[in-house]
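Visitor: everything below, folded, please.
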Amino acid sequence: MESSIDEEGEDYKKVSIYSPAYVSMEIYHDDEGVSGSFSIDDKVGWCWYGEDDEFLLGLIRVARSSINKKFLNELKQSDVTKDEIKKAIKYSIEKNPSDGLYALLGDNATYTGFGLNNEWSDIEYDIKDCLEDKGVSSETADEVASRITDKAVYYQPSTEEVFEKLEKEYTKDMYPYTPKGKSWKDAVTDAIHKCDAKHEDVGDFVDCIADELNFDLAEDFYNEYSARLNEAVHKVNKEDIKDVSEETGVDASLIEACI
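Guide: Modelled structure (predicted):
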């Protein structure tokens, strides 16, 4: 832990660990009040150097990592106070009302899509099953399903688009995770009040905040994305269906009935 005055006369405190991953939390005191930021290496997430409006995101990322216990122990031994953490979170969420949601929605894996595997498999299974029920052989039904999803890829939404849609919605209303009308900012404020009343120790307070905000929104992302994939299949036009019909020998009307 380190406390000092930088070249611009800004007072700050720094809590860092270097192994098995690098995490550094900085708390700043300036004319605007108290703010904070995290720097994290790729053993926790991507190499990432946060801004003062992403302090909560850093806190949640660390809380969900394997080095959280070690970081909290270091925090407990520092001279960072619970009041400073509270003020840094409040500063961050006021500046950025969606701060922290990124991690809860699945983080980089869902935003960029690299966390998706065989996203078309359920849809292909349903098409194949439907065609088999209508008398199409298993091998041919499988080929039709694969060719239809190949066509549907052109209408596939970006993961970024779906992610940002949900992030925007939850910034305004966290229902059903909170009472209807409660925003993400409200949920954060409620967590601060609840944990402040329960814990004096700064480490226990931070651990409590992460626990109170431990909503698993990644499943919501996958559900929304799957729904958008189904919409993409329904956008496959008659000409494309005709092409698949001619390529596989399956009547176009059967294919239309199964997508």
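Visitor: how many residues are close by the closest residue to Asp240 other than its chain neighbours?
Guide: Computed as CB to CB, 6 or more residues apart in numbering, the closest residue to Asp240 that is not its neighbour in sequence is Lys151, at 4.4 Å. Quick note: C-beta positions are derived from backbone N, CA and C, even for glycine. By other CB atoms under 10 Å, 19 other residues sit near Lys151.
Visitor: in the strand or helix carrying Lys151, what counts as buried?
Guide: Using DSSP states H and E, Lys151 sits within helix 138-152. Using 16 or more other CB atoms under 10 Å as the burial criterion, the residues of helix 138-152 that qualify are 141-145, 147-149, 151-152.
Visitor: same for the helix or strand following that helix, what does it pack against?
Guide: Per DSSP H and E, helix 138-152 leads on to helix 159-172 as the next helix or strand towards the C-terminus. Packing partners of helix 159-172 (3 or more CB pairs under 8 Å, 6 or more residues apart in numbering; DSSP states H and E): helix 101-104, helix 107-112, helix 184-198, helix 218-234.
Visitor: circling back: quick check, nearest of the buried residues of helix 138-152 to Lys95?
Guide: Of all the buried residues of helix 138-152, Ala152 has the smallest distance to Lys95: 40.1 Å, by CB to CB.
Visitor: how about the contacts made by the closest one?
Guide: Contacts for Ala152 were tallied using CB atoms under 8 Å, 6 or more residues apart in numbering; they are 120, 123, 229, 232-233, 235-236.
Visitor: how much space separates it from Arg228?
Guide: 11 Å (CB to CB, to the nearest Å).
Visitor: try Ile17
Guide: 40 Å.
Visitor: confirm Ser35 sits in a helix?
Guide: No. Counting by DSSP: H, G, I helix; E, B strand; the rest coil, Ser35 falls outside a helix, being strand.
Visitor: residues near it, how many?
Guide: Other residues close to Ser35 by other CB under 10 Å number 23.
Visitor: so where is the stretch 1-150 of the chain shaky, pLDDT-wise?
Guide: 1-10, 44-47 (pLDDT under 70).
Visitor: tell me where it has strands.
Guide: 2-5, 11-17, 23-30, 33-40, 48-49 (DSSP state E, counting those that start in this stretch).
Visitor: the third one: partners in the sheet, and parallel or antiparallel?
Guide: In the sheet containing strand 23-30, its partner strands are strand 11-17 (antiparallel), strand 33-40 (antiparallel), by DSSP bridges.
Visitor: turn those strands into JSON lines, including distance to Glu161.
Guide: Below are these laid out as JSON lines (distance: least, CB to CB, whole Å):
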{"stretch": "strand 11-17", "distance to Glu161": "36"}
{"stretch": "strand 33-40", "distance to Glu161": "26"}
